[in-house]
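Enquirer: sequence plus the predicted model coming up.
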Amino acid sequence: MFKALVLEEADGKVTPSVRDLEESALPDGNVTVAVEYTTINYKDGLVINTGGGLVKRWPHVPGIDFAGTVAASGHARFRPGDQVVLTGWRVGELHWGGAAQRARVNGDWLVPLPAGLTTRRAMAIGTAGFTAMLAVQALEAQGLTPSAGEVLVTGAAGGVGSVATAVLAKLGYHVAASTGRAETHEYLRELGATTILDRAPFAETAKRPLESERWAAAIDSVGGNTLARVLAQTRYGGSVAAVGLAGGARLEHTVMPFILRGVNLLGIDSVMCPAPRRLEAWRRLATDLPLDKLDAMTVPARLADLPRLAAEIVRGQVRGRVVVDVNA
C-alpha cells in the first residue's frame, strides 16, 4: 500500500483526496520508484483544480515531477537503489505522476540524480528550474554574455523566474526582475536581481511595434501582452526565451522586432526535451545554481497541502519553489 493524492472527476468537477492505494493500481512501466519528494508547478495547479484539459482518464494521480529511489527495475540503465529524477514526458497529465509514495514509469524518462544534489533539492528545482536552465542555455547559444547588457526576467518571483534570476546573477548578468508583488522585492534582491520593475506596464497593450531598446535578452514566463512588450523593447540582435503563458496564450504583435532589429524569439519546451539536453541542463543546474539561494526560495509542504497550493499557484500567489515530502 502507498499514499497518493487521487483526483476524481464527476460532472466537470474535480475532487482531490489523499488515500491509500495498492501497488497493483500503478500504470504500466519498467521502473518503479519509491518517491521521496515532488513539487508543484503551474501545470500541476491546472490539473488538480480542473484537469486543465490535460487529463484523459480518471481517477488520476497528478505531479509532473518527482525524485526518489528505484525500488524495482526492468530497464538496463537503472537498478534498485539508484536515485533518480523525473520531469515532463506528460507524466502527471496522461500518465500517473509523482504526488504519491510510488510511481511506475518508462525508464527512458528518468535522469540519474546529478552529483551534488539531494532528491529534496532536485525537487526544489523541478520542472520550473529545469525550464529556467533550458532558457539560459538557449540564450547563451545565441551568443549572450554578461557584457551584453541587462537581462529581463518576467514573473520573477515564480518558480521559473526565481531560478532564472539566481542562475543569471551567479553567472555575472545584470538581472532586471519584473513582479507585481511588492512583498517579493527583497526576496528578488537576495536572489541577485539588481533592478526591480513593476509588471503592470508590461501587461498594457503595446501602442507601437517598436519601443526604446533596453534588454539584451529576456526570459518570459508570462506571455500575452507582456511578451509583446518585451519583444518591442529588446535590443538589436537580442533574444527572448518564451517559457510560459501565465498572462495569456495569445501573442498579438507585428514582425517589426524580427525584421528590423533581428530579435530572436526562442520557444522553450521542457516536457519532451531530448535526453542529452536534459542531462546537460541538470549538470549545469548542479553547478550554476547557488544552492544557498535555492534553499532560501524553497517552502516545505505535504501531500495534503497540494489542493490548496494548486489554487494559489494558478492565482499567482506562490513564491519561489515548493517541495512536497510525500512521506510526511
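Expert: Received it, and whenever you're ready, just let me know what you need. Numbering: from 1, shown residues only.
Enquirer: quick one: end-to-end distance for stretch 156-175.
Expert: End-to-end distance of stretch 156-175: 10 Å, with Cα to Cα, to the nearest Å as the criterion.
Enquirer: and that stretch, which residues are buried?
Expert: 156-169, 171, 173-175 (16 or more other Cβ atoms under 10 Å). From N, CA and C alone the C-beta is placed, and that goes for glycine too.
Enquirer: now do it, average pLDDT.
Expert: Computed over stretch 156-175, the mean pLDDT rounds to 96.
Enquirer: do the same with stretch 22-36
Expert: 97.
Enquirer: would you put the C-alpha positions of it in PDB?
Expert: Taking Å, rounded to 0.1, in the frame of the first residue of the first chain, the C-alpha atoms of stretch 22-36 are listed here in PDB:
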ATOM      1  CA  GLU A  22      -2.500  -0.900  -3.800                       C
ATOM      2  CA  GLU A  23       0.800  -1.000  -5.800                       C
ATOM      3  CA  SER A  24      -1.100  -3.100  -8.400                       C
ATOM      4  CA  ALA A  25      -3.000   0.100  -9.200                       C
ATOM      5  CA  LEU A  26       0.100   1.700 -10.700                       C
ATOM      6  CA  PRO A  27       0.200   2.100 -14.500                       C
ATOM      7  CA  ASP A  28       2.500   0.100 -16.800                       C
ATOM      8  CA  GLY A  29       6.200   0.900 -16.800                       C
ATOM      9  CA  ASN A  30       9.500  -0.800 -16.400                       C
ATOM     10  CA  VAL A  31      10.800   1.200 -13.400                       C
ATOM     11  CA  THR A  32       9.100   1.600 -10.100                       C
ATOM     12  CA  VAL A  33      10.300   4.400  -7.900                       C
ATOM     13  CA  ALA A  34       9.900   5.000  -4.200                       C
ATOM     14  CA  VAL A  35       9.100   8.700  -4.400                       C
ATOM     15  CA  GLU A  36      10.600  10.900  -1.800                       C
END
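Enquirer: mind checking how far it is from the chain centre?
Expert: 24 Å (Cα atoms, centre = their mean, to the nearest Å).
Enquirer: now do stretch 210-217
Expert: Centre-to-centre, stretch 210-217 and its host chain are 26 Å apart (Cα atoms, centre = their mean).
Enquirer: ends of it, what's the gap?
Expert: For stretch 210-217, the first and last residues are 15 Å from each other (Cα to Cα).
Enquirer: buried stuff in it?
Expert: When burial is assessed from 16+ other Cβ under 10 Å, stretch 210-217 yields the following buried residues: 210, 213-217.
Enquirer: what does that stretch rub up against?
Expert: Contact partners of stretch 210-217, identified using Cβ atoms under 8 Å, 6 or more residues apart in numbering, comprise 139, 142, 144, 148-152, 176, 229-230, 232-236, 238-241, 256-257, 260-261.
Enquirer: what about the helices in the stretch 101-250 of the chain?
Expert: For the stretch 101-250 of the chain, the helices identified by DSSP state H, counting those that start in this stretch occupy 119-141, 159-170, 185-191, 200-203, 224-233, in order along the chain.
Enquirer: what about the shortest one, distance to the chain center?
Expert: Helix 200-203 has its average C-alpha position 22 Å from the chain's average C-alpha position, going by Cα atoms, centre = their mean.
Enquirer: one more: the second one?
Expert: Average the C-alpha atoms of helix 159-170, do the same for its chain, and the two points are 11 Å apart (Cα atoms, centre = their mean).
Enquirer: show me the residues around the residue in the chain sticking out farthest from the centre that make contact.
Expert: When distances are taken from the C-alpha mean of the chain, residue 260 lies farthest, 32.1 Å away, according to Cα atoms, centre = their mean. If you count contacts by Cβ under 8 Å, 6+ apart, residue 260 has them with residue 210.
Enquirer: how close does it sit to residue 213?
Expert: Computed as Cβ to Cβ, to the nearest Å, the residue 260 to residue 213 distance reads 11 Å.
Enquirer: correct me, but residue 199 touches residue 177?
Expert: No. With contacts counted by Cβ atoms under 8 Å, residue 199 stays clear of residue 177, the gap being 9.8 Å.
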